[in-house]
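Undergrad: attaching a predicted model along with its sequence, questions to come.
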Amino acid sequence: MSSEFHSILRSTPSRIPRDVIDAYLETEYRVGGDTPCVLKVGARSAALEALHRHHGVACSAFVTAWNPYSESLAPAHNAARQLELAQALARRGLVAVPGVGQHPNNGWPGEESYLVLGLPLDEARALGARFGQNAVLWSGEDAVPRLILLR
């Protein structure tokens, strides 16, 4: 990803602390399922493009219900929140591939997540806001994950 993009994102007005945004930019967004891959902000993913094509969608979002506003919660509380997210996705009939968002070296525990196939940007934003997230990762037809700040 270009340093220009990082600079623009870091300078975007937000209530999210700059160091938290930096951590999101550095995080590895690991997708499980039949086609495991690691997504990085701003880096095109051939595996993600293949997933989009296989499921006949033009977009996807990587979302979690863990640790709202990057405030650490007890594992049981995070598990309950993640179950609520899974149920909300299932009710809508969305394909959700389990994953984990994990910074490579800052010690923050990995957060269970889902890659939700076919989720438009406005719906990804609404879903992230519903679960108290600072940001979601969203990819369009170009299969380039973008960090979408919500606050």
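TA: It's in. Numbering: from 1, shown residues only.
Undergrad: specify the local secondary structure of the residue sitting nearest the centre point of the chain.
TA: Nearest to the mean C-alpha position of the chain, counting by CA atoms, centre = their mean, stands residue 62 at 3.0 Å. Using DSSP: H, G, I helix; E, B strand; the rest coil, the structure places residue 62 in strand.
Undergrad: list the contacts of it.
TA: Counting by CB atoms under 8 Å, 6 or more residues apart in numbering, residue 62 makes contact with 29, 31, 39, 99, 101, 113-116, 136-138, 145. (Each C-beta comes from the backbone N, C-alpha and C, glycine too.)
Undergrad: any weak-confidence spans in this structure?
TA: 1-13 (pLDDT under 70).
Undergrad: can you name the element that comes right after the host helix or strand of residue 114?
TA: Residue 114 is part of strand 111-117, with elements assigned from DSSP states H and E. Tracing the chain C-terminally past strand 111-117 and defining elements by DSSP H and E, one meets helix 121-130 next.
Undergrad: can you give the distance of that next one from its chain's centre?
TA: Helix 121-130 sits 11 Å away from the centroid of its parent chain (CA atoms, centre = their mean, to the nearest Å).
Undergrad: hey, which helix is longest across the chain?
TA: helix 75-91 (DSSP state H).
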